[in-house]
Structure formats: structure tokens, C-alpha cells
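# Provided below for reference: sequence and predicted model.
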Amino acid sequence: MINRFIAPTGSLVSGIVLAMLALAVAAPARADSSLSAIYQRQTIRFTHLSSTYGARAVGVNDTGFQALLRATGALLTWKPGERYILITTSVPVVVSFALGDRRYDVGPIALDAAFAPFQRGDEAYLPFDEVLRSLDLALRREGNVTVLQPQLAGLDVRQDGNRTILLAHGAAVLHPRILRETDAAITYSFEGVGTALVGTRQINAGGVRSLQISTTGTVRDPTTLVTVALASGAVAEAPREEERDVALTFDAAVPAAPTVAEASPTPEPAPGTAPANGPALVTGVTMQPANGGVAVTIAVTGDATYEWHRLRDPDNRFWVDVKNAQLQGPPIEQNAPGPLVSMRVRQDDAATVRIALSLQGPKAIAVTPSAGGLGIVVGAQDVADAPRSGSGGIGNVVSAGQENTAPVTPAPLDQSGAAPENPSDTTWKFGPRSNYAPTNPRLIVLDPGHGGSDRGTIHGGVAEADLTLDMAKRLRAILIARGWEVKLTHETDVDVYAPNDSAHDELQTRVDIANNAGARLFVSIHANAFINAGPYGTTVYISKPDDVALGRAIESHLASDGTKDDGLIKAHYYVTFHTRMPAVLIETAFLSNPSDYALLTSSAWRQKVAEEIADGIGQYTREYPVSNQPAQ
Amino acid sequence: MLLAIVAAGTWYVLSNRAGRNGETLAIYYAKQNGTTLGAIRISMRPRQPGESAAEHLHNTVLYAAVQAVAGPPNDVLAIRFPRGTRVLNVGVEGSTATVDLSKEVELQGGGSFGENGEFKALVYTITGIRGIDALQVLVDGARLETLPGGHLELDQPLHRSDW
């Protein structure tokens, strides 16, 4: 979509021409002009135009230019004194200009403009044509009228199993309508946009055979037609508008029977290797010391694929699923020497054997496939932000390049291939544990998130503050029944400090209640939300070294609360950071997600969550008793 | 004269081919699980004539911050700053960068999910710049304790180790 904007880079000839111009002209000849152009039936008048080297420059203070940016959903970042002039388009992609430099960047692509942006007074001037192209606008003429024609700039094809999603993006808000529909094809009409994407594209996946794109209408009132040829029995969903974009979704009629390789995100076998025939057998799993660490050997006969995952420190669990495999013999569950804690082997489902390791810390792990199985070496040393997943093949599906390699090495946090610039800074750093000793070791402070003038997030008429207070009271009842003393930061639906107070005053007051009481633990209860309905799940947040074990215990009990377990996350949150005792902030579920909403609005589910939090607290206090307090 | 023109033209072409890209920046974004980071890579333009090292660092922070706030293209599933959020200003003092965001950043829709992912990605992006190890966030020119109804403490510089 961007490549078509690439202009030929400077050739020797153009270089000579420019050099001649530079020598012949001491200063660029500039002539001011104005332009009226039609954009989506409204007239935009540009008054800060300047002709430079035969091309047009537009001033960033031009009200017409600013109106155009607003209309296309773009943002400009510049102020006098800055060298860089940045435009964020609605894609979004950042278009970068710099005063005095002909180079401009459209996202990751560097291009050359007709001339370098320049500054006149307090105004920067940009190459007009390049800006218009970056905004996916085409400058057209219709008679003596100039038209800024929005373009359907992208029709990205996203494949998701048996589903194909066409994501359309343009320089205007898109509202497609269905022009024609048969069992074999659907034609969508995108009115108001032209396109340079005219042509036919073969897809042949996810219910879509091909796309045919054409244009009709006039320069001023263009229409782009997209005809989707469907596979037999394919079903089209109604177009879904996503802000300025539109998603067209198609489902294939009959899901393809998944092969082992297709059913998992593991790579397919290398070309020329035999497909797996029948399940492989996991015939044994053994451990032995190896250079201060432990070597785990998984003996496999037959062909299988594997996929491993590890959780982020402090939850140092690792597991590998051997797929298309049967466990020969009974499940294994046993303690293990350091740096392991324990090992568990079981038939996880009909075709998957899972080997799960519990580690003493964020230890280095090397996974090595071979024709006879899989070797896992757990080292004694901690590693910073090791990779958290991987996959491969065992037996005949091991490619020559894989065998006898150690694919797991300390790597950056980023899983998309980008290395952090300062690897030494990527460690999840915790300082030493504090010597906090509760003066009231039987007291637990519960903090219902929000309250009073701060309702928290509100969805469907349900306020977070009401839910958190309800869950806190349920938890209080359970804990009291189990012999604890419990204090809530607020017993009723009020601000703890004062109505409409600052975040600092409100949160610090809650922190003070726990700190001043010398409480044993602090538990803040919340409901999450996001600007769209997608995210869901339960997350436990911690900030301090002392929080880790408590968070881990509570998270392990909440993992089965009925929504997704998003794990234990470290974040610099105010209440967990400033409380002196072990503390957690629990985002129980998302009010913004329909499934989670149903859970949160169920009193039975809130009771279940309260019980699971109480169970987590119980586990923690048993494992980490305070010296002057009997374990609960 | 002709020789001078040819020499100038050759110099122009060669100078525009050599050193076209400056350092590579990793622009992080939080994936939709809210915590895992992905990244896109962009190249910074080389330091320009008359651009001091300090100004180049400033420009690098500005470019990276605008890229991080924009996020990846829409077809990439990512946690995104609220629509309309923009970078108003940046600064660098010592090894701490300051990024001043517009008020739209406060439109988080409630919950910690968005702010945690957004700021983690921004901090990772900015502290990936050589010489920067902390980020002070301002909102509309002011240092906030937290976003309204938010959880993340913003009144002091953020580091990668905060996550």
C-alpha cells in the first residue's frame, strides 16, 4: 500500500540537475498561491501554499491544511524550534519530515520528497503532494475543479483458520453497502472513495476465492466496488465498522480437518520429511544432575511435535506439550532437585502429553529435540527475560538444522524479533525483601477499589465501585469465619479521603489505613475495563518483593475462577507500591467484556472469587507464617 | 564550470546514498493480553548538518514517542493509547526523558488494563534509546500522581524495572 508511493531515488542525472539548480539559484524561488479543492463535497481552501522548484509547499498553519488533517483523522506534531515535523495518519502510520532534509519517512519506509521542508517565520512548509499521498488522498481534476479524492488505500487480507477477514482502510470513514449478493459472490460498494488497487487478487482460502476491485462514478463522487468471489457454501458476516476501518469477514463452509501441524502453532515439518503416522509414545521421563543444573530427558518413539511455554518470573513454571503422543505408563508427580522444585508428567488430552516443571527461579532452559525425544537442560543461573515459548518436531519431523541445537537462549522480552537496546535493563528487578513485621499480624486490610464520587468503570449501568465493595464484604465474611481480623478501607460506598479528591489523596489514605494499622496483608479488589470489548480475564498485580508470594498464592487459586487467567503481573501501582506489607491488586474480570460482565454481575461468581482469594490468603499465610502468629 | 557541476552532482548522489539510515529504533506495543510486548523497527534519519548531539537525542525521543503513541497499524492487534492522544512536547535531562501527552490519554475507559500496557510499551520504547533509562510522563504539561481513576504512579520517572 505504501510501495506505490516510492519515487525514484536520486540518479546521477537528477543529482546533476539539482546541483546545477543549487549553483544557479542562491535561494529557492517561491511564489505564494492559494488553492480551493473539493474533499468529500466540502470545499477546502488552502491559503498558505508556496511554489518551490516547481512543486507546491503547504504551511502547517494553513487553516485548510489543518481542516484536512482533522477530516482524515491525522495529527500533526510540530512547533517552532523543532526540526522534525511528524504527521500521524489514521492508519496509523507516522510520516516524518525534517527541516532541510528531502528525506521523509512513511512508517519504516524512507522516501525522497521533491524538496526539503523549510521554515518561513514561525511556520514550517511541507511538500504538498507528498503529504497528500501520505494521507491517501489523490489530487484530481474534474473540469476546472480540483478534487482531493479519498482513496481506498488498503484491503488487507487476514487469515484466521477457516475465516478470512478483509480489513479495508481509506482516507475517509468507510461505510460499505452490499450492492449485489448471490451464493457465489458479494459486491460491496464503497461510496466516496476511489482507489489505485484496481485489479483481481486470488485468495483461495477461508471461504474466499478472489477479489475484484474496480471504480466507478465521477472524480468528485467516486465509488470503489469490491466483488468477493465465494467458495461453495461460504458465509459472509455483515460488514463490521472499526472506527474508520471496515472488516469484511467470511467463513468457509466446512472446516478443514486439522493435521497435527495445523492444529498447533508449531512449524510444519520440513519439506521432504515424512508426516507423522499414528501417535508417538512417550516411553519415559528421567532427571539427572548436569553441571549444577538438571537434565530432563523425554524419550519418545515415533514422530511428534512439541510446544513449550514458560511463565514470567516470579511464576517460574515451565511446561512442554508433546503432541500426537501417548504417555506409556502412569502419570508422574515428584519433587526434583534444584534448580527444579518438582516435575509432573501426564496425558493432558487424548493426543498430548504434558511435562510440567516448577523452577526455583527464572533459570536458563535449553530445549533440544532429537530423533529419539527431547532434552531439557535447566541451568543453575538466572536469566533475564528468557523467551517464553517455542516449538519444534521430534523424530522424523526434526529437520537437520534443528537436531543437536539449543534453540533456547537468553533472549529479549519482545517476542516479535526486536531486541531491546539495553538488554541489561530488561531484567524484572526486585530489590531485597523488606523486614516488615506486622504489629497486628491477625489483621488483613481489604481495599474495595473506587467508591463514592469515583465510580470506577461503568458498563451496562453497573459501576465497578459497587462490585468491589460487594466482593470485599464477601471476602471479609469468609476471612472472619476463618479467624482473621479484617478492616475495609471503606465500609460503605464513599470516598475514603473526600469527595472528588485527588488520586494521590485518595490512594494514600487507603495506604495509610493499612500501614498505620500494622496489617499483615493488603488486598485491593477491582474490576477491569478497556475501550473495547475484546480483553477479558483475571490479573493479579504486585509491586514489591514482599508481594510476590502472596500474589502467586492468590493467582493460583483464581486461575480457575471461570475466566482467563492473565497471571501475576508486576506494575508500579500506587497502593501496592506504597503499602509496607505484602499487597496485591486484583483485577477480577472485565466489565467491558460481555462474558466477564456476566460473571461479575453474578453474585454466585463474586462469592466464588471471594472464596478463592481467601483460599490464596490461607495458602500464603500457611507457607509464610509470621513468627508471633500461628498459621491459619 | 562543467567539471564543477559534475563533481557537485556526483557528491550529491553519493552523499545521499551513504549513511541514509541512522540508528534503528524498536517501537514497542503491548499485545492484546495487556502485558506481552511486540515491536516494530524503524530507522532514524542520520544526524543532520547543524544538528547537535543533544538535539539529535531530543529528536530521537520525539520520533520514538510519537511512534509509540501512534502504535502499530490497525491490522495489528495491540493495546492502544486512547484515540486523539498526542505528544505535546519532549525533553531530555541526563538519562531521563520527559514526554508530555495530551489530555486524551486520560480517556482510558476505566481499569488498569489499558494504562498498564500503554505505558509499559512507551517506557520500553523510550528507554531503548541509547542514553535514556527513565521516562517522566507529563499530561498537558503537568506531572500527575496517577491518571484519573488510574493505578500507575506517574509522578516519578518510570523504568523498565517497574514492570
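Ah, there it is. Just so you know, these numbers come straight off a predicted model, no measurement behind them.
# alpha carbons only for contacts and neighbour counts from here, please
Noted.
# what lies in contact with the helix or strand hosting B:K120?
Assessed by DSSP states H and E, B:K120 sits inside helix B:113-127. Residues from elsewhere that reach helix B:113-127 (Cα atoms under 8 Å, 6 or more residues apart in numbering or on different chains): A:421-422, A:528-531, A:571, B:25-31, B:34-35, B:37, B:61, B:64-65, B:68-69, B:79-81, B:97, B:108, B:132-135, B:150, B:152, B:158-160, B:163.
# what helices or strands is the helix or strand just after that helix leaning on?
Using DSSP H and E, the next helix or strand after helix B:113-127 towards the C-terminus is strand B:134-139. The contact analysis (3 or more Cα pairs under 8 Å, 6 or more residues apart in numbering or on different chains; DSSP states H and E) places strand B:134-139 against strand B:96-101, helix B:113-127.
# packing partners for the shortest one?
Looking back up the chat, that one is strand B:96-101. strand B:87-93, strand B:134-139.
# from the chain's centre, how far out does that strand sit?
Its chain's C-alpha centre and that of strand B:96-101 lie 9 Å apart, by Cα atoms, centre = their mean, to the nearest Å.
# pLDDT weak spots in chain B?
B:1-20, B:110 (pLDDT under 70).
# try 50
Low-confidence segments of chain B, defined by pLDDT under 50, span residues B:13-18.
# wasn't A:A610 part of a strand?
No. Counting by DSSP: H, G, I helix; E, B strand; the rest coil, A:A610 falls outside a strand, being helix.
# can you tell me the closest non-neighbouring residue to it?
In this structure, A:A610 finds its nearest non-sequential neighbour in A:L475, 4.7 Å apart by Cα to Cα, 6 or more residues apart in numbering or on different chains.
# relative to chain B, how far out is the one you found?
21 Å (Cα to the nearest Cα, to the nearest Å).
# next, count neighbours for that residue.
Counted by other Cα atoms under 10 Å in any protein chain shown, the residues lying close to A:L475 total 23.
# for the chain, what spans make up the helices?
Picked chain A for this. A:12-24, A:63-71, A:128-134, A:260-263, A:464-481, A:503-517, A:547-558, A:574-578, A:594-600, A:603-623 (DSSP state H).
# the intended chain is chain B.
Going by DSSP H, chain B shows helices at B:2-17, B:53-70, B:113-127.
# residues near residue 133, how many?
Here I'm looking at chain A. A:R133: 17 neighbours (other Cα under 10 Å).
# you looked at the wrong chain, it should be chain B
22.
# repeat that for A:S34.
A:S34: 11 neighbours (other Cα under 10 Å).
# go on, A:L135?
27.
# who are the contact partners of it?
Counting by Cα under 8 Å, 6+ apart, A:L135 has contacts A:T72, A:A74, A:T89, A:A171.
# need the helices and strands packed on strand B:96-101 in TSV with mean neighbour count, can you?
Shown next, in TSV, are the helices and strands packed on strand B:96-101 (neighbours: other Cα atoms under 10 Å in any protein chain shown):
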stretch	mean neighbour count
strand B:87-93	19
strand B:134-139	23
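# out of these, which is closest to A:V523?
strand B:134-139 (27.4 Å; Cα to Cα).
# how distant is that closest one from the center of its chain?
Strand B:134-139 sits 11 Å away from the centroid of its parent chain (Cα atoms, centre = their mean).
# show me what that strand is in contact with.
So strand B:134-139 is contacted by B:95-103, B:105, B:123, B:126-127, B:143-144, B:154-160 (Cα under 8 Å, 6+ apart).
# tell me the angle that strand makes with helix B:113-127.
Compare the direction of strand B:134-139 with that of helix B:113-127 by axes from the mean of the first three to the mean of the last three Cα atoms, to 10 degrees and you get 130 degrees.
# report how many residues lie close to B:G141.
Residues contacting B:G141 under the criterion other Cα under 10 Å number 14.
# again, but for the one 10 residues further on
B:H151 is flanked by 23 other residues according to other Cα under 10 Å.
# mind checking how far A:I613 is from B:A97?
For A:I613, the distance to B:A97 (Cα to Cα, to the nearest Å) stands at 39 Å.
# buried residues in the helix holding B:K120, which are they?
B:113-127 (16 or more other Cα atoms under 10 Å in any protein chain shown).
# send me it as CSV with only the CA atoms.
This file holds the C-alpha atoms of helix B:113-127, laid out as CSV (Å, rounded to 0.1, in the frame of the first residue of the first chain):
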residue,chain,number,x,y,z
PHE,B,113,-5.5,-2.9,31.6
GLY,B,114,-5.1,-0.1,29.1
GLU,B,115,-2.8,2.2,31.0
ASN,B,116,-0.5,-0.6,32.1
GLY,B,117,0.0,-1.9,28.5
GLU,B,118,0.3,1.6,27.0
PHE,B,119,2.8,2.9,29.4
LYS,B,120,4.9,-0.2,29.5
ALA,B,121,5.2,0.0,25.8
LEU,B,122,6.1,3.7,25.9
VAL,B,123,8.7,3.2,28.6
TYR,B,124,10.3,0.3,26.8
THR,B,125,10.4,2.3,23.6
ILE,B,126,11.9,5.4,25.1
THR,B,127,14.4,3.6,27.4
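# what separates it from the chain centre, distance-wise?
Worked out by Cα atoms, centre = their mean, helix B:113-127 lies 10 Å from the chain centre.
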